[in-house]
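Visitor: Generate a structure from the sequence data that follows.
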Amino acid sequence: MTMTKNASLVVNAERSRRTILTEALSSLQKGITMDEAYGYRRAYGPWARELHYVNQHITVKQDEIDAAAKAYTDAAQHLVRKLQWPDEMITVHPQGSASTQTLIRSPDSSKFDIDAVCQVDISRVDAMDPVGFFTKVGAALEELSAEAKKRCWNIPMTGEPYYLEFTPSVPLNTVPSHVLSSMAPRFLPATEYLGTALAVVDNPTKQWKTSNPAGLSKWVDDTAKRQLIRILAMATDSLHKAAANVAPVPAQDVEITDTLRVAIRLFKRHRDMWARRNQIEKGFKPISIIIVTLLTECYDGLADLGRTYDHPVQLLADLAELMPEMVQKINGEFWVDNPTVPGENFAERWNEDDGERQEAFYNWCDVLAADMRTILAAQNQQEIQRRVREVFGCAPDSSNSGGSGNTRPVHRPPPAAPVTTGLA
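Guide: As a prediction, the model looks like this:
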């Protein structure tokens with residue numbers, strides 16, 4: 001049988017993995033047969049309840065989400081008025097963690113960001129001058145104190161717990177062919193996501209660059225819908241709440257049975273706590289898009305292989321062990337492929353800094369696995385609660401030190417070389 005790319009990556013990851021978490025889980029399963037739903041709920045219940053607590057604790061409050069959504073709606077309408085564009089010419093929709101429902105609170109109460117794509121119909125705008133287009137949008141946002149970034153305009157929102165990032169873009173399928181030919185051909189969009197592909201202004205190169213935030217969000221959403229849990233262990237009710245064309249920010253409430261999104265959120269929180277405890281220089285902290293991509297590829301590959309689990313805690317442990325082994329090595333370079341824009345490497349900077357970001361990522365993965373093992377080794381409800389809340393920074397004294405299972409970065413031993421077909 002021909003395996004999918006992600007299934008092949010998972011198989012190779014399983015060959016390279018260490019089994020400290022699966023061994024820890026096996027001790028919890030003694031005496032539980034595969035059809036004993038109540039037994040699995042009883043065995044994993046304490047861990048599920050505490051991880052559910054952490055997931056809720058790090059969720060951004062809905063009133064803050066609503067306020068941020070209103071702010072970027074107001075900014076979009078301001079843009080339309082200032083540039084005198086017809087309403088139907090501009091579409092604004094969230095991107096990044098807000099659109100994938102993986103937005104989390106920062107442990108130091110710093111501002112969260114709402115990324116928004118400002119999509120303009122270039123049949124009404126001159127596409128020959130990307131920098132001019134970017135500058136025009138920025139000038140219209142000047143009253144909002146917008147600051148230019150690499151591909152977006154940052155609106156600080158003084159006095160609010162959030163800030164906005166507006167990325168000016170145009171639909172890729174309306175960019176003239178002679179302009180498209182000037183863009184790097186390796187950054188053309190994947191066929192299945194062609195309809196949502198955009199061209200954004202890349203200020204360092206002063207050219208258009210392919211982007212596909214809506215495609216990426218759909219990829220995560222489609223993957224998360226693939227059911228890997230045989231027994232849903234927690235009976236909880238999911239909460240789904242529901243000018244220019246402005247798409248709403250999705251509600252950020254996610255249940256533990258939505259294991260992919262919960263894994264992304266919990267692992268991002270663990271990374272943030274690792275950085276807050278000064279175990280990594282801020283500049284080398286693993287970026288969210290790499291965590292999102294590796295976890296989604298892993299989850300998708302497990303689904304392609306027909307793997308199923310009896311409880312979300314089992315799947316979370318597997319994802320923690322397999323995630324670092326999903327990184328590819330292509331032509332001697334570390335590689336995390338953008339699934340919607342093949343050829344774009346999210347880990348490109350890993351190959352430009354003498355391995356510091358790559359080492360930081362693997363060190364963090366070791367700490368994550370060690371902390372998960374410490375949590376699973378707890379013997380009673382009180383100890384489980386203490387360890388989980390300390391590790392993820394939900395205990396009163398856990399924000400500065402002492403919460404992680406490791407107090408210094410762990411240097412990862414090189415894994416045995418797996419049998420591979422070019423993907424490592």
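
Visitor: any residues touching stretch 132-140, and which ones?
Guide: 78-79, 82-83, 118, 120, 125-127, 146, 148, 153, 166, 168, 170, 201, 203 (Cβ atoms under 8 Å, 6 or more residues apart in numbering). No exception for glycine: its C-beta is placed from N, CA and C like everyone else's.

Visitor: Filter these down to the buried ones, PyMOL style.
Guide: Only the buried entries of the contacts of stretch 132-140 go into this PyMOL selection, using 16 or more other Cβ atoms under 10 Å:
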select buried, resi 79+118+120+125+127+146+153+166+168+170+201+203
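
Visitor: Point out the ones among the contacts of stretch 132-140 that are inside helices.
Guide: 78, 79, 82, 83 (DSSP state H).

Visitor: Tell me who's in contact with the last one.
Guide: Neighbour list for residue 83: 136, 137, 140 [criterion: Cβ under 8 Å, 6+ apart].

Visitor: go again using 6 Å as the cut-off
Guide: By Cβ atoms under 6 Å, 6 or more residues apart in numbering, residue 83 lies in contact with residue 140.

Visitor: quick check, nearest of the ones in helices among the contacts of stretch 132-140 to residue 230?
Guide: Taking Cβ to Cβ as the measure, residue 79 is the one of those closest to residue 230, at 48.6 Å.

Visitor: For the spatially closest residue to that closest one that is not a sequence neighbour, give its distance to residue 208.
Guide: Take residue 79 and drop its neighbours on the chain: the residue closest to it by Cβ to Cβ, 6 or more residues apart in numbering is residue 140, 5.2 Å away. Per Cβ to Cβ, to the nearest Å, residue 140 is found 20 Å from residue 208.

Visitor: can you give me phi and psi for the most centrally placed residue in the chain?
Guide: Centroid-nearest residue in the chain: residue 292, 3.3 Å away (criterion: Cα atoms, centre = their mean). Reported as degrees, to the nearest 10, the phi and psi values for residue 292 are phi -60, psi -50.

Visitor: Find the nearest non-adjacent residue to it, please.
Guide: residue 264 (5.6 Å).

Visitor: residues touching that neighbour, list them.
Guide: Counting by Cβ under 6 Å, 6+ apart, the residues that residue 264 touches are 102, 292, 295.

Visitor: show me the contacts for the first one.
Guide: Put plainly, it is residue 102. Here residue 102 is in contact with 261, 264, 265 (Cβ under 6 Å, 6+ apart).

Visitor: Any idea which helix or strand in the protein has the lowest mean pLDDT?
Guide: Within the chain, confidence by mean pLDDT, DSSP states H and E is lowest for strand 245-246 among all helices and strands, at a mean of 55.

Visitor: Kindly provide the distance from residue 202 to residue 304.
Guide: Residue 202 is 34 Å from residue 304, by Cβ to Cβ.

Visitor: so where's the stretch 251-400 of the chain uncertain?
Guide: 251-256, 396-400 (pLDDT under 70).

Visitor: quick one: the strands in it?
Guide: 328-330, 333-335 (DSSP state E, counting those that start in this stretch).

Visitor: Now do the buried residues in the first one.
Guide: Of the residues in strand 328-330, residue 328 count as buried by neighbour count, 16+ other Cβ under 10 Å.

Visitor: How many neighbouring residues does residue 151 have?
Guide: 17 (other Cβ atoms under 10 Å).

Visitor: Doesn't it lie inside a strand?
Guide: No: assignment of residue 151 by DSSP: H, G, I helix; E, B strand; the rest coil gives coil, placing it outside any strand.

Visitor: Residue 81: neighbour count?
Guide: The burial count for residue 81: 11, using other Cβ under 10 Å.

Visitor: returning to what we had before: kindly indicate which of the ones in helices among the contacts of stretch 132-140 lies nearest residue 312.
Guide: So of the ones in helices among the contacts of stretch 132-140, ranked by how close each gets to residue 312 (Cβ to Cβ), first place is residue 79, at 41.8 Å.

Visitor: how close does the residue lying closest to residue 281 once chain neighbours are set aside sit to residue 154?
Guide: Sequence neighbours aside, residue 360 is the residue nearest to residue 281 in space, at 7.7 Å (criterion: Cβ to Cβ, 6+ apart). Separation of residue 360 from residue 154 (Cβ to Cβ): 25 Å.

Visitor: Flag the shaky bits of the stretch 101-250 of the chain, pLDDT-wise.
Guide: If you take pLDDT under 70 as the line, the stretch 101-250 of the chain has these spans: 122-126, 179, 182-187, 231-250.

Visitor: Helices of that one, residue ranges please.
Guide: 130-140, 177-180, 213-224 (DSSP state H, counting those that start in this stretch).

Visitor: Quick check: which of those is buried the most?
Guide: helix 213-224 (a mean of 21; mean count of other Cβ atoms under 10 Å).

Visitor: and that helix, how far out from the chain's middle?
Guide: 11 Å (Cα atoms, centre = their mean, to the nearest Å).
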